[in-house]
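Student: no sequence on hand, only this structure:
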């Protein structure tokens, strides 16, 4: 049977198919070598090693073996040595099964490595994102701290320079008032004891309107004393706000901090061409002294009150009674926590923006009117620095309320 030659068309067909298989296998060997080269480059960049991936090398060797089998089959058919074809076929089938099994193993391992690389990439991306957020917060903190330090130093310097002359003026106004009263008493005594007042003196009294001066000078001195008292109050508020002469953390009066912030913002609360008059409603309960960084907490109060004033810029158009209000409520939650709530009846915040109000550099204000740092900094001061809570509740057209919850001592746990 082995001596019978195959028909020529059939032999040509078999040789053609085997030759095509050899060409495909040669292309597969070329691509495998390329993959090995890529893997070598990747490993060299990763750790400096040049170890060839052995599994892909073994796969390449099996492909070369198959290519040799194809060539041997063409030779046997061409030389009519058909007695060797069964052995070659069995060998090829065996190594074919081995090739398929090994290929699946290599592809599975490569797939696992690829999946692990993707997971590692996602983890690295997440870590990079967290690092970027942390860098933004650190940058924001550094910029804010530098700004507040400069502002605190400037406020303290201005307060000190203003305080000395104002204290001198305020203290002497009381004496000046008394001296004026004494002088008018002497003039009155002269008038009562001397019935023949010279005409020149009588004419001078009428010219300078002495009676009017007697009534008005007391009012003028009283107004000056009120004004200097107001300046001293502003100076004290500036000093209380900066707190540069105190340690970073100590027992502090939160209501005093609220009042100092309101004094500094008094010009924005009064009616002017840029904004309507704002009514501030205070509901203060007796609060214990709170262990905190008073200067930082004062900054939070100032930020929240500033935001409330900005939100009230158009409240007269949406408020039912046209009244712009800020409500400040301070109370003690329990023996471990206190709460301060600052609410306004302004335009409110949309639910979409409400999820981002504490994000760094997020702002809904027009360009040039907000940096997006105030609320983010406030959240960092209250939540991260003081282990408290800063909550925000808002409805469009009804207003916004920010709630600050601070532990009286740093180890307190909110129930």
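Tutor: Nice, thanks for sending it over. Predicted, not measured: the structure shown is a model, and the values here were computed from it. Residues are numbered from 1 along each chain as shown.
Student: the helices in the stretch 51-200 of the chain, which residues?
Tutor: Taking DSSP state H, counting those that start in this stretch as the test, the helices found in the stretch 51-200 of the chain are 54-78, 85-193, 199-208.
Student: for the stretch 251-400 of the chain, same thing?
Tutor: For the stretch 251-400 of the chain, the helices defined by DSSP H, counting those that start in this stretch occupy 254-264, 266-269, 294-311, 315-318, 351-354, 374-379.
Student: could you dump the helices of the stretch 51-200 of the chain into TSV with mean neighbour count, mean pLDDT and distance to residue 347 added?
Tutor: C-beta coordinates here come from the backbone N, C-alpha and C atoms, glycine included. What follows is the helices of the stretch 51-200 of the chain, written out as TSV (neighbours: other CB atoms under 10 Å; pLDDT from 0 to 100; distance: least, CB to CB, whole Å):
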stretch	mean neighbour count	mean pLDDT	distance to residue 347
helix 54-78	16	75	65
helix 85-193	12	75	26
helix 199-208	10	80	57
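Student: leaving out sequence neighbours, find the closest residue to the residue nearest the centre of the chain.
Tutor: Centroid check for the chain by CA atoms, centre = their mean gives residue 360 as the closest residue, at 2.5 Å. Nearest residue to residue 360 in three dimensions, chain neighbours excluded: residue 376, at 4.5 Å (CB to CB, 6 or more residues apart in numbering).
Student: ok, back up a step: looking at the helices of the stretch 51-200 of the chain, which is nearest to residue 286?
Tutor: Judged by CB to CB, the one of the helices of the stretch 51-200 of the chain that comes nearest to residue 286 is helix 85-193, at 28.5 Å.
Student: what's the angle from that closest one to helix 254-264?
Tutor: Following axes from the mean of the first three to the mean of the last three CA atoms, to 10 degrees, one obtains 80 degrees for the angle between helix 85-193 and helix 254-264.
Student: other SSEs contacting helix 85-193?
Tutor: Contacts defined by 3 or more CB pairs under 8 Å, 6 or more residues apart in numbering; DSSP states H and E place helix 85-193 against helix 54-78, helix 210-242, helix 294-311, helix 374-379.
Student: what's the neighbour count on residue 309?
Tutor: Residue 309 has 18 neighbouring residues, counting by other CB atoms under 10 Å.
Student: brain fart, residue 266
Tutor: Neighbour count for residue 266, taken as other CB under 10 Å: 13.
Student: same question for the one 3 residues further on.
Tutor: Residue 269 sits with 19 neighbouring residues when counted by other CB under 10 Å.
Student: in contact with the closest residue to residue 335 other than its chain neighbours, which residues?
Tutor: In space, and not counting its chain neighbours, residue 335 is closest to residue 408: 7.6 Å by CB to CB, 6+ apart. Counting by CB atoms under 8 Å, 6 or more residues apart in numbering, residue 408 touches 288, 290-291, 335-338.
Student: quick check: the residue lying closest to residue 84 once chain neighbours are set aside vs residue 68, distance?
Tutor: Nearest non-adjacent residue to residue 84, counting by CB to CB, 6+ apart: residue 76, 5.3 Å away. Residue 76 sits 12 Å away from residue 68, going by CB to CB, to the nearest Å.
Student: and for residue 341?
Tutor: 85 Å.
Student: what do you get for residue 232?
Tutor: 103 Å.
Student: how about the residue nearest to residue 176 when sequence neighbours are not counted, what does it touch?
Tutor: Spatial nearest neighbour of residue 176, excluding adjacent residues (CB to CB, 6+ apart): residue 221 at 6.3 Å. Residues in contact with residue 221 (CB under 8 Å, 6+ apart) are 173, 176-177, 180.
Student: nearest to residue 309 among those?
Tutor: Nearest to residue 309 among the contacts of residue 221, with distances taken as CB to CB, is residue 173, at 33.2 Å.
Student: these two touch, right, that closest one and residue 224?
Tutor: Yes. Between residue 173 and residue 224 a contact is recorded at 5.7 Å, counting by CB atoms under 8 Å.
Student: circling back to that earlier point, residue 324: which of the helices of the stretch 51-200 of the chain is closest?
Tutor: Residue 324 sits nearest to helix 85-193 of all the helices of the stretch 51-200 of the chain, at 27.0 Å, using CB to CB.
Student: relative to helix 294-311, how tilted is the closest one?
Tutor: Between the axes of helix 85-193 and helix 294-311, defined by the same axes, to 10 degrees, the angle is 90 degrees.
Student: any idea how far residue 191 is from residue 299?
Tutor: Residue 299 sits at a distance of 60 Å from residue 191 (criterion: CB to CB).
Student: same question, residue 182
Tutor: Per CB to CB, residue 182 is found 15 Å from residue 191.
Student: same check on residue 123?
Tutor: Counting by CB to CB, the gap between residue 123 and residue 191 amounts to 97 Å.
Student: any chance of the helices of the stretch 51-200 of the chain in TSV with distance to residue 38 as columns?
Tutor: Output for the helices of the stretch 51-200 of the chain, formatted as TSV (distance: least, CB to CB, whole Å):
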stretch	distance to residue 38
helix 54-78	10
helix 85-193	11
helix 199-208	105
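Student: out of these, nearest to residue 310?
Tutor: helix 85-193 (18.4 Å).
Student: which residues touch stretch 250-258?
Tutor: Residues from elsewhere that reach stretch 250-258, judged by CB under 8 Å, 6+ apart: 240-241, 284, 287, 289-292, 294, 297-298, 301, 328, 330, 338, 340, 406.
Student: just the buried residues of those.
Tutor: Buried members of the contacts of stretch 250-258, counted by 16 or more other CB atoms under 10 Å: 240-241, 287, 290-292, 294, 297-298, 301, 328, 330, 338, 340, 406.
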